[in-house]
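Trainee: Sequence and predicted model, in that order:
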Amino acid sequence: MQSSSLRFAHTVQALGATARSLQLVVPGFRSPPRLVGVHRSIKRSPAGATVAVAVRGRPWPAVQADLIEGIIAANGLRSPAADRAREALWAAIAPAEPAPAEASPEEVVAA
């Protein structure tokens, strides 16, 4: 299993590439947030936005969701654009699903 830092970096790279392909602004990312007691924060400046996400002690899907929602928030997206972007961003980091196995002729006849 890879370290949480490496996992975070790979996820941020994949999300950033997808966000750019959607013509979205890619915020900076860091971990952990400087604010005590929060899982995600966003800091805006004239140079752009920085999304900070807590990784330690959290389920990985929660971290992924916070990264995605950070991109949505940094771009000020609202539905339906936010929904389309969310779908594309999740697809970029979802594990590839194996193709369904085709049934052999014998299995089809037996059914």
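Mentor: Cool, got the structure. Keep in mind that what you see is a predicted model, and the values were worked out from it rather than measured.
Trainee: which stretches of the protein form helices?
Mentor: Using DSSP state H, the helices of the chain run over residues 4-21, 60-74, 81-93, 105-110.
Trainee: for the ones you listed, which one sits closest to residue 29?
Mentor: Distance to residue 29, taken as CB to CB, is lowest for helix 4-21 among those, at 4.8 Å. For the C-beta atoms, the positions are set from N, CA and C on the backbone; glycine is no exception.
Trainee: For that closest one, which helices and strands make contact with it?
Mentor: helix 60-74, helix 81-93 (3 or more CB pairs under 8 Å, 6 or more residues apart in numbering; DSSP states H and E).
Trainee: Need the ones you listed in JSON lines (columns: mean neighbour count, distance to residue 50 and mean pLDDT).
Mentor: Listed next are these as JSON lines, based on neighbours: other CB atoms under 10 Å; distance: least, CB to CB, whole Å; pLDDT from 0 to 100:
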{"stretch": "helix 60-74", "mean neighbour count": "19", "distance to residue 50": "9", "mean pLDDT": "97"}
{"stretch": "helix 81-93", "mean neighbour count": "15", "distance to residue 50": "18", "mean pLDDT": "97"}
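Trainee: Which one of those helices lies nearest to residue 46?
Mentor: The nearest among these, by CB to CB, is helix 60-74 at 13.7 Å.
Trainee: contact partners of that closest one?
Mentor: 7-8, 11-12, 15, 19, 24-27, 29, 39-40, 42, 44, 48-49, 51, 53-55, 82, 85-86, 89-90, 93 (CB atoms under 8 Å, 6 or more residues apart in numbering).
Trainee: so what's residue 40 up against?
Mentor: 33, 51-54, 66, 69-70.
Trainee: what about the closest residue to residue 4 other than its chain neighbours, neighbour count?
Mentor: The spatial neighbour of residue 4 that comes closest, neighbours along the chain excluded (CB to CB, 6 or more residues apart in numbering), is residue 55 at 5.0 Å. For residue 55, the number of neighbouring residues by other CB atoms under 10 Å comes to 18.
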